[in-house]
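Colleague: the following comprises the amino acid sequence and a computationally predicted model.
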Amino acid sequence: MNFNSIRKAVVGAAIGALALTVTAGSASAGLDTKEFKVVGTWSFLDHWKEREGPFWNEKLSKLSGGKLTANAKSQTELGLSGFEIMRLMKLGVFDAAHVVTGYIASDSPTIEGADLAGVIQDLASYRKANEAYRSILEREFETKYGAKLLMIYAWPSQQLFCNLGDKSIKNVSFDDLKGKKIRTYSKTLGDFVEGVGGAAVTIAFAEVVPALQKGVADCGLTGTLPAYNAKWWQVVTHNVRIRLGYASSVLAMNLKVWNGLNAETKAFFKKNIGELEEQMWASTQANDDDGMACNANGPCPRGPVGGMTVIEPSAADKAKLKDVVENFVLKRWAKRCGTQKCVDEWNATIGKVSGMKASL
């Protein structure tokens with residue numbers, strides 16, 4: 001390459017770099033300058049490792065030209081269980097928080113309505129139902145927690161994982177759950193467990209493996225890939241593949257913080273968090289598929305196979321699930337919700353998508 005060619009290449013690269021700088025500068029010119037205190041979900045699970053953490057700790061600064069930054073930590077790093085996160089954000093401890101709605105359901109039956117156990121059995125319908133319910137959640141987060149709802153997403157399907165002692169046992173039904181101590185993390189999952197004759201035990205996710213080892217619980221309810229990542233396959237024998245929800249989750253920001261942002265910064269967040277939301281939903285389906293394969297006999301792209309015995313629900317189990325949802329899950333939730341307005345809003349949104357109906 002001659003001198004003129006080299007000079008042209010250098011000049012071209014310089015112009016390109018200048019153009020990128022100008023573009024980034026113009027894109028961030030009207031943004032506020034602020035660092036956000038953020039809490040995410042579990043440090044060892046994919047949503048935090050691949051999306052929540054990178055968005056706040058890396059991408060936010062790059063996208064905003066360094067004007068917006070975050071000190072974001074997972075709830076695992078902070079030693080939080082998840083149940084207290086929204087209350088802490090309301091007090092101003094955090095500016096923004098990722099939280100599973102089931103973990104805060106005790107504060108609000110309306111929020112609990114986003115993820116009632118066993119109502120929906122496929123992810124596409126689940127997303128449609130949550131979108132239909134979105135305006136109700138927005139209102140509830142604002143009035144209950146002084147928070148702006150920015151994103152709704154989900155986790156892999158919540159299924160049953162049990163230690164039955166012998167992996168060769170193939171004939172397992174809901175009737176076999178009678179008397180079993182089953183880990184839950186929300187009232188609605190507890191309603192399902194009691195509906196099939198089990199005993200609900202509320203245990204934080206990080207404490208489930210030792211609880212299963214010590215016999216504090218015989219079974220646990222969680223997402224397929226989270227169960228694999230947390231090595232439940234080392235302490236359980238069976239995976240009962242009935243879908244009891246997808247652990248509806250949200251990203252919310254303290255309303256005072258949100259209202260203090262200028263219009264350009266709000267628009268920036270809506271655009272970029274909207275893109276993050278799409279990534280969350282796409283990854284949930286892929287993670288669900290990986291979780292089911294990895295917990296059983298593969299192929300597993302993430303490590304050793306768990307070797308669980310897989311139990312697909314029979315026609316009788318599906319009928320039993322419908323009965324439990326109608327006569328335990330929905331009835332008890334409607335009573336907790338307490339008003340006809342609350343029930344009517346659910347029926348007009350999630351109920352309409354699912355074909356289920358709640359009544360007082």
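Modeller: Arrived safely. Computed from a predicted model, the values in this text were never measured in an experiment.

Colleague: quick one: pLDDT of Val93?
Modeller: We have a pLDDT of 98 for Val93.

Colleague: could you list the low-pLDDT ranges of the chain?
Modeller: By pLDDT under 70, the weakly predicted segments of the chain are 1-27.

Colleague: how about the strands of it, start to end?
Modeller: Per DSSP state E, the chain has strands spanning 34-40, 68-74, 96-100, 147-153, 158-162, 181-184, 199-202, 219-223, 238-240, 249-254, 309-311. These are given in chain order.

Colleague: need those strands in a markdown table (columns: mean neighbour count).
Modeller: The way it works is simple: take the backbone N, C-alpha and C, and place the C-beta from them, glycine included. Below are those laid out as a markdown table (neighbours: other CB atoms under 10 Å):
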| stretch | mean neighbour count |
| --- | --- |
| strand 34-40 | 20 |
| strand 68-74 | 19 |
| strand 96-100 | 26 |
| strand 147-153 | 22 |
| strand 158-162 | 26 |
| strand 181-184 | 24 |
| strand 199-202 | 17 |
| strand 219-223 | 26 |
| strand 238-240 | 24 |
| strand 249-254 | 24 |
| strand 309-311 | 18 |
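
Colleague: so for Thr339, which of those strands sits nearest?
Modeller: Go through the strands of the chain one by one with CB to CB and the one that ends up closest to Thr339 is strand 147-153, at 21.1 Å.

Colleague: make JSON lines out of the strands of the chain and add distance to Asp290.
Modeller: Conversion of these to JSON lines gives the following (distance: least, CB to CB, whole Å):
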{"stretch": "strand 34-40", "distance to Asp290": "21"}
{"stretch": "strand 68-74", "distance to Asp290": "20"}
{"stretch": "strand 96-100", "distance to Asp290": "20"}
{"stretch": "strand 147-153", "distance to Asp290": "17"}
{"stretch": "strand 158-162", "distance to Asp290": "14"}
{"stretch": "strand 181-184", "distance to Asp290": "22"}
{"stretch": "strand 199-202", "distance to Asp290": "27"}
{"stretch": "strand 219-223", "distance to Asp290": "11"}
{"stretch": "strand 238-240", "distance to Asp290": "14"}
{"stretch": "strand 249-254", "distance to Asp290": "18"}
{"stretch": "strand 309-311", "distance to Asp290": "15"}
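
Colleague: what is the neighbour count of Leu261?
Modeller: Around Leu261 there are 18 other residues, counting by other CB atoms under 10 Å.

Colleague: on that earlier part again, list just the one of the strands of the chain that sits closest to Gly355.
Modeller: strand 158-162 (19.7 Å).

Colleague: hmm, back to that, closest to Phe269 out of the strands of the chain?
Modeller: Each of the strands of the chain was scored for nearness to Phe269 using CB to CB, and the closest is strand 147-153 (6.6 Å).

Colleague: can you list the strands that that closest one pairs with?
Modeller: Sheet pairing here is set by DSSP bridges, and for strand 147-153 it gives strand 249-254 (antiparallel).

Colleague: most residues in a single helix of this structure, which one?
Modeller: Of all the segments of type helix in the chain, defined by DSSP state H, the longest one is helix 263-295.

Colleague: give me the angle between that helix and strand 249-254.
Modeller: Our comparison of helix 263-295 with strand 249-254, counting by axes from the mean of the first three to the mean of the last three CA atoms, to 10 degrees, yields an angle of 150 degrees.

Colleague: so helix 263-295 versus strand 158-162, what angle?
Modeller: Compare the direction of helix 263-295 with that of strand 158-162 by the same axes, to 10 degrees and you get 30 degrees.

Colleague: in helix 263-295, what's buried?
Modeller: Going by neighbour count (16 or more other CB atoms under 10 Å), the buried part of helix 263-295 is 265-266, 268-269, 272-273, 276-277, 280-281, 283-285, 287-288, 290-295.

Colleague: ok, now stretch 297-315?
Modeller: Of the residues in stretch 297-315, those buried under the neighbour-count criterion (16+ other CB under 10 Å) are Cys300, Val305, Gly306, Met308, Thr309, Ile311, Pro313.

Colleague: want to throw the residues you listed into a markdown table with distance to Gly190?
Modeller: Putting the buried residues of stretch 297-315 into a markdown table (distance: CB to CB, whole Å) gives the following:
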| residue | distance to Gly190 |
| --- | --- |
| Cys300 | 31 |
| Val305 | 31 |
| Gly306 | 26 |
| Met308 | 24 |
| Thr309 | 25 |
| Ile311 | 21 |
| Pro313 | 20 |
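
Colleague: ok, so of those, who is nearest Ser81?
Modeller: Gly306 (25.2 Å).

Colleague: let me see the contact set for Ser354.
Modeller: Taking CB atoms under 8 Å, 6 or more residues apart in numbering, we find Ser354 in contact with Val119, Ile120, Ser125, Ala129.

Colleague: the second one reaches Ser248, doesn't it?
Modeller: No. The pair Ile120 and Ser248 does not pass the contact test of CB atoms under 8 Å, sitting 10.4 Å apart.

Colleague: residue contacts, Pro313?
Modeller: The neighbours of Pro313, taking CB under 8 Å, 6+ apart as the test, are Val240, Arg241, Ile242, Leu321.
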